[in-house]
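Chemist: prediction below, plus the sequence it came from.
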Amino acid sequence: SAGEDVDIILEPDSDGVVVIDGAYATPYDSVVGPGAISLNKRVTTIQTTGVDAFTLADGLYDGQTIDIACTSYVGNGTLTPDSTIGFTNVTFTGAGQSVSLFWFEGSGWAVVDTYGATVT
């Protein structure tokens with residue numbers, strides 16, 4: 001459970017390949033148009049298709065971090081997390097903009113860093 005140290009044993013198959021399943025098995029997620037940001041990926045790219053709304057549920061564990069980057073822009077994309085600390089939403093107004101968020105258990109998402117995106 002959260003807060004406990006555990007050992008992770010990685011055992012390669014006969015070809016020397018280690019297969020990792022779970023939250024961070026795929027390096028990133030991609031959302032095209034309005035939609036929900038995955039809690040199971042460390043990085044999510046968004047592509048706006050017009051004026052789009054993106055949502056983010058409460059974090060899965062204390063200290064979870066998520067990076068969101070706008071890779072394709074047609075219209076403003078607004079990210080509105082369920083719970084926040086010190087902000088209400090993040091608006092992406094161009095490709096190349098990004099935000100990094102940190103989850104404080106029981107409190108909400110906090111902005112750690114932003115590049116170009118507007119935090120309000």
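Modeler: Done, it's in. Numbers count the residues shown, from 1 in each chain.

Chemist: is it true that V74 touches T48?
Modeler: Yes: V74 is within contact range of T48, at 5.1 Å (criterion: C-beta atoms under 8 Å). Where C-beta positions appear, they are placed from N, C-alpha and C, glycine not excepted.

Chemist: who's in contact with the nearest residue to T80 once chain neighbours are set aside?
Modeler: Nearest non-adjacent residue to T80, counting by C-beta to C-beta, 6 or more residues apart in numbering: N89, 4.5 Å away. By C-beta atoms under 8 Å, 6 or more residues apart in numbering, N89 lies in contact with T78, L79, T80, P81, V119, T120.

Chemist: buried set for the helix or strand containing T55?
Modeler: According to DSSP states H and E, T55 maps onto strand 52-56. Residues of strand 52-56 classed as buried: D52, F54, L56 (neighbour count, 16 or more other C-beta atoms under 10 Å).

Chemist: which elements pack onto that strand?
Modeler: Packed against strand 52-56 by the contact rule (3 or more C-beta pairs under 8 Å, 6 or more residues apart in numbering; DSSP states H and E) you find strand 35-36, strand 77-81.
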